[in-house]
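K.L.:
below: sequence and its predicted model.
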Amino acid sequence: MRFVAISDTHGCHRDLKLPKGDVILHAGDICDKGNATHVQDFIAWFADLDFEHKIFISGNHDIDLDKNKSLIPKLLPKEVVFLNGNFCQVGAYRIWGSPTEEQGQVPFHEILPEQVDILLTHRPPYGILDQAPDGLSKGSEPLAKKVKLIRPQVHVYGHIHASYGLFQGEHTHFINASNYRASRKRIVNDPVVFDLKNPL
């Protein structure tokens with residue numbers, strides 16, 4: 001099964017050149033500054049993509065989307081899945097997604113279940129593809145500890161544009177899929193493709 005990971009498109013999603021795949025994952029910041037027009041345009045674009053499964057979460061820039069999270073599932077076409085601290089199943093794989101540090105008053109790393117194949121978050125885990133331009137790590141320490149414990153096959157995130165790339169950990173393949181670069185105000189990084197073999 002082929003997955004295509006993107007993140008931090010900041011309203012420039014239509015500038016992406018997407019490879020073919022079975023599943024597309026967006027790790028948040030579909031908007032630039034919470035623009036409702038970006039939300040509507042993104043959903044229309046995302047729904048029309050030629051992928052069997054289309055899954056996304058929100059990010060810290062998705063202000064208008066965050067205000068209407070409870071309505072989003074009702075507004076989405078059936079082929080689009082919005083994850084907000086919950087699972088979806090794609091073939092043999094359990095995908096869990098969360099956009100922010102908290103679900104209500106509970107830190108999201110506390111509600112992360114132990115059986116996760118693909119983890120989709122907006123913020124990175126601390127110390128792994130999370131360095132800002134100033135060289136400082138901006139990832140979440142509690143998330144890093146939880147990921148080390150639950151050992152997902154793949155962890156996809158964004159948020160820190162400068163740390164776009166891949167890192168193969170001992171048990172988990174980490175992907176910072178940030179496509180946008182704020183300093184250039186445009187898409188600069190390609191989508192990330194990875195394959196998982198469905199167990200028999």
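P.N.:
Thanks, I have the structure now.

K.L.:
right, and Leu112 touches Lys146 too?
P.N.:
Yes. Look at Leu112 against Lys146 with C-beta atoms under 8 Å: they come within range, at 5.2 Å. C-beta coordinates here come from the backbone N, C-alpha and C atoms, glycine included.

K.L.:
what comes up buried for the biggest helix by length in the chain?
P.N.:
Looking across the chain with DSSP state H, the single longest helix is helix 36-47. Within helix 36-47, the residues that count as buried by 16 or more other C-beta atoms under 10 Å are 38-39, 41-43, 46.

K.L.:
what residue ranges in this protein score low on pLDDT?
P.N.:
Along the chain, the parts satisfying pLDDT under 70 run over 69-71, 73, 100-110, 198-200.

K.L.:
OK, contacts around the residue nearest the centre of the chain?
P.N.:
Nearest to the geometric centre of the chain sits Ala27, at 1.6 Å (C-alpha atoms, centre = their mean). Ala27 makes contacts with 5-8, 56-57, 59, 120-122, 156-159, 177, as judged by C-beta atoms under 8 Å, 6 or more residues apart in numbering.

K.L.:
cool, and Val192?
P.N.:
Residues in contact with Val192 (C-beta under 8 Å, 6+ apart) are 4-6, 156, 166, 175, 177.

K.L.:
try 6 Å this time
P.N.:
5, 175, 177 (C-beta atoms under 6 Å, 6 or more residues apart in numbering).

K.L.:
ok so, going back, and the closest residue in space to the residue nearest to the centre of the chain that isn't next to it in sequence, how many neighbours does it have?
P.N.:
Nearest residue to Ala27, sequence neighbours excluded (C-beta to C-beta, 6 or more residues apart in numbering): Ser7, at 3.6 Å. Residues near Ser7, counting by other C-beta atoms under 10 Å, number 32.

K.L.:
let me see the contact set for Ser7.
P.N.:
Taking C-beta under 6 Å, 6+ apart, we find Ser7 in contact with 27, 158, 177-178.

K.L.:
gap between it and Asp32?
P.N.:
14 Å (C-beta to C-beta, to the nearest Å).

K.L.:
again, but for His10
P.N.:
4 Å.

K.L.:
with neighbour numbers in mind, choose between these two.
P.N.:
Higher neighbour count among His10 and Asp32: His10, with 25 against 17, using other C-beta under 10 Å.

K.L.:
which element is that one on?
P.N.:
Taking DSSP states H and E as the definition, His10 sits outside all helices and strands.

K.L.:
one step back: export the helix or strand following the longest helix of the chain to CSV, keeping only CA atoms.
P.N.:
Where DSSP H and E defines the elements, the next helix or strand beyond helix 36-47 is strand 53-56. The C-alpha coordinates for strand 53-56 follow below in CSV (Å, rounded to 0.1, in the frame of the first residue of the first chain):
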residue,chain,number,x,y,z
HIS,A,53,-8.2,7.2,1.2
LYS,A,54,-7.8,10.9,2.2
ILE,A,55,-7.0,11.7,5.8
PHE,A,56,-6.1,15.0,7.5
